[in-house]
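Engineer: Got a predicted structure plus its sequence, pasted below:
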Amino acid sequence: MKVAYIFNSTNVHKILDKMIIPQLESDGHVAEVLGMFFFMDNTMFLAKGNPIGERLSELHKKTGMIIMACDQCAIERGIENNLVEGATIGCFPNLYACLGSSGIDQVITL
């Protein structure tokens, strides 16, 4: 199964740090994660130096998974030019363009 995640809740740190990232790092997540999109304060995870973002950057290098911050959210937080390697900023049209023909089975909002 191919999935994409949209992170909007206040529980994202725990979900990524204790659940999703360790599963991806150990090839135990089962689903193929094609992309992750971050909203509001969750965009801060993609700032350089953030341990979550650095781990996601390594996964991006390994798998090609898209890691994208909401452009307006990143700009409001002043991190648009300080993202981890492989992370981009964009809006839904950018996300659609990146994932549109990838054959995603499910989009999960957390």
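Structural biologist: In hand now; what should we look at?

Engineer: Run a quick neighbour tally on the closest residue to Ile20 other than its chain neighbours.
Structural biologist: Among residues not flanking Ile20 along the chain, His29 sits closest, at 6.8 Å (C-beta to C-beta, 6 or more residues apart in numbering). (Each C-beta comes from the backbone N, C-alpha and C, glycine too.) His29 has 15 neighbouring residues, counting by other C-beta atoms under 10 Å.

Engineer: Would you mind measuring from His29 to Thr109?
Structural biologist: Distance check for His29 against Thr109: by C-beta to C-beta, to the nearest Å, it reads 17 Å.

Engineer: before we move on, what about Ala87?
Structural biologist: 19 Å.

Engineer: who has more neighbours, these two?
Structural biologist: Neighbour count, other C-beta under 10 Å: between Ala87 and Thr109, Ala87 has more, with 24 against 11.

Engineer: what does the model give that one for pLDDT?
Structural biologist: What the model reports for Ala87 is a pLDDT of 98.

Engineer: Show me what counts as buried in the lowest-mean-pLDDT helix or strand in the chain.
Structural biologist: The weakest-scoring helix or strand in the chain, judged by mean pLDDT, DSSP states H and E, is helix 92-99 (a mean of 90). Burial within helix 92-99, assessed by neighbour count using 16 or more other C-beta atoms under 10 Å, is assigned to Asn94, Leu95, Cys98, Leu99.
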